[in-house]
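Student: Just a sequence and a predicted model for now, questions to come.
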Amino acid sequence: LLDSGDHSVGEVEKRIRVLHMAARQVDSNMFGAIAHALLRRQQLQVRHLNRRSGEVTERTVSPQRLAHYRDNWYLDAWCHLRDGLRSFAVDAIEEARLLEGERGKSVSEAELEKVLGTGYGIFAGDKIREAVLRFSPEAARWVAREKWHSRQSGRLEEDGSYILTIPYAAETELVMDIMRHGAQVEVIAPDSLRDTVRERLAAAAAQYPD
């Protein structure tokens, strides 16, 4: 916008708002150490918190790329402890130290996309399944125009409902996005995802007894 016309910076800032939602704070020194290792292609010693289990692990990683996703930063890296590609929330990395002289392992872009880019959301893997979701006619007015995944497919039914098919590896983030639509969406397949959503909804309903 600044390049396309006679608009002052102040006017652009005044008239256009960018709202950040649910962004988690990242230590600038930590981020700097990670970015330094990434660009120098060197290994990094990190102390990482697994929020799901509460476990903290020390591990050596070879940074591959940084991703800014839904207002938060994630590090895609080769984990030498697990001998595979992993994605780490940068704000969950409690300590990061550059290993001088230790050249990082390089992973091809094709392999990164195969493991971390094919499934839904930031939690990915190489075992891809397909989720089939049916949205109510009311929800379809929005969802039919939304892009959940680059490889999604969708179709409108005669009754106005919308069938969305998307690939996923880990169901964590997908379940959260399904649940925000409440009664406006039904998981058709697979049964494992359907069961997870049913259990989560039942647990949520139990918080509001009669």
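Tutor: Noted; the coordinates are in hand.
Student: Now residue 73: closest residue in space that isn't a chain neighbour?
Tutor: residue 90 (4.1 Å; C-beta to C-beta, 6 or more residues apart in numbering). In short, each C-beta sits where N, CA and C put it, glycine included.
Student: OK, contacts around the one you found?
Tutor: 26, 30-31, 34, 66, 72-75 (C-beta atoms under 8 Å, 6 or more residues apart in numbering).
Student: which residues are contacting stretch 103-116?
Tutor: Residues from elsewhere that reach stretch 103-116 (C-beta under 8 Å, 6+ apart): 37, 41-44, 62-65, 76, 78, 80, 84-85, 87, 124-126.
Student: what about residue 87, helix or strand, and which?
Tutor: Residue 87 belongs to strand 84-89 when elements are defined using DSSP states H and E.
Student: and that strand, which residues are buried?
Tutor: Across strand 84-89, burial judged by 16 or more other C-beta atoms under 10 Å covers 85-89.
Student: for stretch 160-178, same thing?
Tutor: In terms of neighbour count (16+ other C-beta under 10 Å), stretch 160-178 has its buried residues at 161-171, 173-175, 178.
Student: from these, which ones fall inside strands?
Tutor: 162-168 (DSSP state E).
Student: State the pLDDT value of the residue of the chain most remote from its centre.
Tutor: Here the chain reaches farthest from its C-alpha mean at residue 6, the gap being 37.7 Å by C-alpha atoms, centre = their mean. We have a pLDDT of 76 for residue 6.
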